[in-house]
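In: sequence unavailable; structure follows:
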């Protein structure tokens, strides 16, 4: 017994209580689009589970209409208000569910990872290859100074002794000149 004139929601409710399936379908069709628009944006994307807002609204409507016999319309718009409240309650449930799933350790902005990033690793590998090629093109004396200072961490006094320089200052100046030549070689490729 499908209603020819859908009438008001109150009339449809009365027909649903009498077992009219078509009236239930009409109620569903009448309220779904407006409630979807109303609910859109109320549940943030980060708090959504598998379902989206449209699924949430549909699920709430199905559950509400299953228990429609317990609903008493006291005023005009009562059904719409009841359904909105049901959706709002479901959104709160989704927030609570998300808070139980979400990690509880806050991100600490003062902590950082000392490990190099993939980008830094790639740049370092490329730079290391350019360094090795450029170092190989230098003469043996410059290579000894650079390797001693940069790779082995010798002091200028130690470099002076190892490379036959008269003073730490002369070793420092020789390292400086060797590094400038190395930089020029690295720029060449």
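Out: Arrived safely. This one's a predicted model, so the numbers in the text were calculated from it and none came from an experiment. Numbering: from 1, shown residues only.
In: for the helix or strand containing residue 161, buried residues please.
Out: For residue 161, the host element (DSSP states H and E) is helix 156-163. For helix 156-163, burial by neighbour count (16 or more other C-beta atoms under 10 Å) applies to 156, 159-160, 163. Placement of C-beta: from N, CA and C, glycine included.
In: got the contact list for it?
Out: Contacting residues not belonging to helix 156-163 are listed as 141, 144-145, 148-149, 154, 165-172, 174-175 [C-beta atoms under 8 Å, 6 or more residues apart in numbering].
In: circling back to that earlier point, need the buried residues of helix 156-163 in JSON lines with distance to residue 119, can you?
Out: Formatted as JSON lines, the buried residues of helix 156-163 follow (distance: C-beta to C-beta, whole Å):
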{"residue": "156", "distance to residue 119": "34"}
{"residue": "159", "distance to residue 119": "34"}
{"residue": "160", "distance to residue 119": "39"}
{"residue": "163", "distance to residue 119": "36"}
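In: which stretches in this protein count as helices?
Out: Per DSSP state H, the chain carries helices over the ranges 9-17, 21-39, 53-66, 78-101, 118-137, 140-146, 156-163, 168-188.
In: and the last one, what other elements does it pack with?
Out: What that stands for is helix 168-188. Applying 3 or more C-beta pairs under 8 Å, 6 or more residues apart in numbering; DSSP states H and E, we find helix 168-188 packed against helix 118-137, helix 140-146, helix 156-163.
In: noted, bye for now.
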